[in-house]
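*Asks:* sequence isn't available, so here's the structure alone:
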């Protein structure tokens, strides 16, 4: 029966290609068969398997917000065979898409809370889905603080978002780079110390973080210093995936499959199953 | 022999002359032996030398960090020397125990002769020209040369060429060249179409477990070409075409390095006669370049240097 | 329905008949290894030599490579064609009790949360005819995992070899159905029934290899951080995929596209946690080191799978021990953990 096969991709059309940095691109895409669009829904934090036919599948989160369904977005750093092929995509090209998979950020737990988003590099992609989701229902949440960092000004992704949040009075926006350049007038410094300097209160607050492993590691330490408990920290894990549905075995750590049981975890959960595997 | 090995290996560990001993221990399956790799003196009691020491251990020193005392048969010693030529191991990091070898029992051949009884053999020994077995309390005698690996019939260097200590006295080659080349001759006797069909059938069985590659001491690439995907040289999944391509390229890559130890074929769970390819390549390298693998540890690897006398027919 | 029996020399006729309406697979050694091959009408003498296959019956349901879909680029862009297995009924004859249990184990995985239509379609179309073991291998340890060489509730129909005849007993409705369609059967006597039972019991006694599963879950957990142990037991491993590919419960896979953008297939193929590339990401690889991969394999089978599905993902078939070129032995590794 059609529709039953979880491995069958939808054909999607690329509507727009945005070059974010030298090796990161964002793609706006939509269902080729418009009748499928109304049947589709997802939540912030979920991911999907994207494919270039003849090259293969790769895993990325849906980086747009479910509150903005005119088109969907995903962002890709060029790193291997499939991502290189994705970077060749032009407006009008077609890709395969199956999903959404995995769990999502627990919006109901975030209601009435102060939110601190800490993103590094392309790690802002899953966070921005949630950030826009939150901002589109702004009254439901208390203070919103966003700290975003990248290696250099040229490595900052989603500059159009950063600008919008900068202008938004209801958002405390901080941007930092590890190393500035002659045109850079903003903050220079690694994310963890900047976070400590900003010093958000853990009181009625949830921190949501995503970025490269080394950044996550030190960000968690800083959050701990600031008094955040493991239950107050959410993160999305990256692990090699293939099937996306808890069968192929690749993303298995402990008794969880990152794809099926995650990718969103509290730090308490992560401490529990990561043990000393990584 | 075993006792001398245990004693000498123990000394090496105790005196800190090596970090690991790599030898053979009793296997957990009847008659089988197992690589025994240890840095603990008490484990050395388990060292064995017998007609069932099938593994080529020469791959281990490449992976182990430090100095290694290693047990080798004739074919293994040539693999090890070839690894020295390729600078994958250093002679000074090795203490080599050479085992003169009269052939190693191919347990598949033995099972072919005695069937399920092989599980019930309580004792097996080479006595003269025979392998004597104790099965269900009675003695069984099988001509030793009927159950050794095919490679052994063509073994020109049963005594290791490179060693620090020889365990036992030298063994003269006991060649049966015709028998050793039987399968190659059979293949050469086929016409091209027949041969193509034969290999197509064989490589249709391959499940890409990479047992052949991973046990091969000559396969030491940091990243094998099949594990590279930019560009993707061959598919990573098993199709007979890609399987064949994989194995042919592997055969070319190990040409001049393969000592015909036969580990690839022994490892193959689906019984692809891989040694036919490797043995043929050994013959070709010998014919074309007069090169025999693992003879001179100080010589450069045959395919990484040029000699004016190298054949150049392919350029004409 | 009671026990039926058939003379072994009638098997060929039976197989010819059964294979008319379905795909029949029987143990065969014709390819240079023992596997389940389509019945070719030739010889049904496998009962004389067959102990178990090298490649487990999982390969019939979860093949080494299978096409999942076809993509084609036309004027109107890409079209996707689903490539599900055809619905032809299958009979697999001669499945050992350990492997029948293994199928039940992989069933849970492939039907958990998301249905895997490729595996499950084949499973639904298949009737499993078991064959009790009279002559287990010295690598077998199924009895440690609540499996008995002489009986099975995991098959549809169970045969027992009582000499010149095979005794048959339906276990499931599918088995009843198949049994009722077979011709050339006769009623078995009570004596023959007890002979089958006796052979089963004696097979059980022949199995001496074992693992101790009591308290294993906790032991596995506490062994996790014992790096020295895992380094020790993994030292001789060559990091090939043999143990995972011959394992009847290992189910890890990869999904790849044929290298053709205009018209190609997407395939699913076996993959192995023993390969460093399995978890390699552009920036890091959590299991680059061999001991971490070995640890993952045993922990997955003996701890994680048990936590998720209440069963150990090992049936004691012994294939990994038989086929390992360097004699890595799961019973030794589990024994070592129990002794830690």
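*Replies:* Yes, it's here. Note that the structure is a prediction, hence the values are computed from the model and not measured.

*Asks:* who's in contact with the nearest residue to residue B:259 once chain neighbours are set aside?
*Replies:* Closest residue to residue B:259 apart from its sequence neighbours, by C-beta to C-beta, 6 or more residues apart in numbering or on different chains: residue B:78 at 3.9 Å. In this view, the C-beta of every residue, glycine as well, is placed from N, C-alpha and C. Neighbour list for residue B:78: B:157, B:161, B:259, B:261, B:293-295 [criterion: C-beta atoms under 8 Å, 6 or more residues apart in numbering or on different chains].

*Asks:* and those, which two are the farthest apart?
*Replies:* Farthest-apart pair in the contacts of residue B:78 is B:261 and B:295; separation 14.8 Å (C-beta to C-beta).

*Asks:* coming back round to it: closest one of the contacts of residue B:78 to residue C:160?
*Replies:* Of the contacts of residue B:78, the one sitting nearest to residue C:160 (C-beta to C-beta) turns out to be residue B:261, at 43.5 Å.

*Asks:* can you pull the contacts of that closest one?
*Replies:* Per C-beta under 8 Å, 6+ apart, neighbours of residue B:261: B:56, B:75-76, B:78-79, B:151, B:217.

*Asks:* and the two most separated of those?
*Replies:* B:151 and B:217 (14.1 Å).

*Asks:* check contacts around residue C:92.
*Replies:* By C-beta under 8 Å, 6+ apart, the contact set of residue C:92 is C:25, C:36, C:57, C:60, C:126-129.

*Asks:* ok, it to residue C:125 distance?
*Replies:* 11 Å (C-beta to C-beta, to the nearest Å).

*Asks:* out of the contacts of residue B:78, which one sits closest to chain C?
*Replies:* Taking C-beta to the nearest C-beta as the measure, chain C lies nearest residue B:261 of these, at 11.9 Å.

*Asks:* and the closest one, which of the three is it?
*Replies:* Judged by DSSP: H, G, I helix; E, B strand; the rest coil, the three-state class of residue B:261 is coil.

*Asks:* returning to that earlier point: looking at residue B:151 and residue B:217, which one has more neighbours?
*Replies:* Each of residue B:151 and residue B:217 has its neighbours counted (other C-beta atoms under 10 Å in any protein chain shown); residue B:217 has more, 28 against 22.

*Asks:* for residue C:121, the count of nearby residues, please.
*Replies:* When neighbours are defined as other C-beta under 10 Å, residue C:121 has 17 of them.

*Asks:* please read the previous query as pertaining to residue A:209.
*Replies:* Quick note: residue A:209 (other C-beta under 10 Å) scores 25 neighbours.

*Asks:* in terms of helices and strands, where is it?
*Replies:* According to DSSP states H and E, residue A:209 maps onto strand A:205-210.

*Asks:* contact partners of that strand?
*Replies:* A:105, A:109-110, A:113-120, A:123-127, A:130, A:143, A:200, A:216, A:219-220, A:223, A:228, A:232-236.

*Asks:* residue contacts, the closest residue to residue B:142 other than its chain neighbours?
*Replies:* Leaving out its chain neighbours, the residue that sits closest to residue B:142 by C-beta to C-beta, 6+ apart is residue B:131, at 4.9 Å. Applying C-beta under 8 Å, 6+ apart to residue B:131 gives the contacts B:51, B:105, B:110, B:124-125, B:141-144, B:147.

*Asks:* then residue C:85?
*Replies:* C:66, C:118, C:121-122, C:125.

*Asks:* recalculate using a threshold of 10 Å.
*Replies:* C:61, C:63, C:66-67, C:117-125 (C-beta atoms under 10 Å, 6 or more residues apart in numbering or on different chains).

*Asks:* let's see which of those end up in strands.
*Replies:* C:66-67 (DSSP state E).

*Asks:* looking at the contacts of residue C:85, spot the one nearest chain A.
*Replies:* residue C:117 (4.9 Å).

*Asks:* what's the burial count for the closest one?
*Replies:* With other C-beta under 10 Å as criterion, residue C:117 counts 19.

*Asks:* swap in residue C:195?
*Replies:* 17.

*Asks:* so which of the contacts of residue B:78 is the most crowded?
*Replies:* Neighbour max across the contacts of residue B:78 (other C-beta under 10 Å) = residue B:261, 31 neighbours.

*Asks:* for the closest residue to chain B within the stretch 151-278 of chain A, grab phi and psi.
*Replies:* In the stretch 151-278 of chain A, no residue comes nearer to chain B than residue A:242, which is 11.9 Å away by C-beta to the nearest C-beta. The phi/psi pair for residue A:242 (degrees, to the nearest 10) reads phi -130, psi -60.

*Asks:* then residue B:281?
*Replies:* Torsion angles, degrees, to the nearest 10, at residue B:281: phi -70, psi -40.

*Asks:* got the phi and psi for the nearest residue to it once chain neighbours are set aside?
*Replies:* Nearest non-adjacent residue to residue B:281, counting by C-beta to C-beta, 6+ apart: residue B:255, 4.9 Å away. Recorded main-chain torsions at residue B:255 are phi -60, psi 130, according to degrees, to the nearest 10.

*Asks:* show the model's pLDDT score for residue B:255.
*Replies:* In this model, residue B:255 is scored at 95, pLDDT.

*Asks:* residues contacting it?
*Replies:* B:218, B:278, B:281-282, B:284-285, B:288-289, B:291, B:293, B:302-303.

*Asks:* could you rerun that using 7 Å?
*Replies:* B:281, B:285, B:303 (C-beta atoms under 7 Å, 6 or more residues apart in numbering or on different chains).

*Asks:* tell me which residues of the host helix or strand of the residue nearest to residue B:259 are tucked away?
*Replies:* In this assignment (DSSP H and E), residue B:78 forms part of helix B:74-85. Residues of helix B:74-85 classed as buried: B:74-85 (neighbour count, 16 or more other C-beta atoms under 10 Å in any protein chain shown).

*Asks:* average pLDDT for that helix?
*Replies:* Averaged over helix B:74-85, pLDDT sits at 97.

*Asks:* give me the subset of the contacts of residue C:92 lying in strands.
*Replies:* C:25, C:36, C:126-129.

*Asks:* quick revisit: tell me the pLDDT at the residue nearest to residue B:142?
*Replies:* Reported pLDDT for residue B:131: 96.

*Asks:* just to be sure, it is in a strand?
*Replies:* Yes: assessed with three-state DSSP, residue B:131 lies in a strand.

*Asks:* so what pairs up with it in the strands?
*Replies:* Beta-bridge pairing for residue B:131 (DSSP bridges): residue B:126, residue B:142.

*Asks:* show me where pLDDT drops low in chain C?
*Replies:* C:1 (pLDDT under 70).

*Asks:* center of it - which residue?
*Replies:* residue C:248 (2.9 Å; C-alpha atoms, centre = their mean).

*Asks:* quick one: contacts for that residue?
*Replies:* C:56, C:58, C:98-99, C:102, C:315, C:317.

*Asks:* just those residues now: which is nearest residue A:51?
*Replies:* residue C:58 (26.4 Å).

*Asks:* neighbours of residue B:211, how many?
*Replies:* Quick note: residue B:211 (other C-beta under 10 Å) scores 27 neighbours.

*Asks:* give me the nearest residue to it, chain neighbours excluded.
*Replies:* Per C-beta to C-beta, 6+ apart, closest to residue B:211 is residue B:267, 3.8 Å.

*Asks:* show me the contacts for the closest residue to residue C:250 other than its chain neighbours.
*Replies:* Computed as C-beta to C-beta, 6+ apart, the closest residue to residue C:250 that is not its neighbour in sequence is residue C:244, at 4.3 Å. By C-beta under 7 Å, 6+ apart, residue C:244 lies in contact with C:250, C:252, C:272-274.
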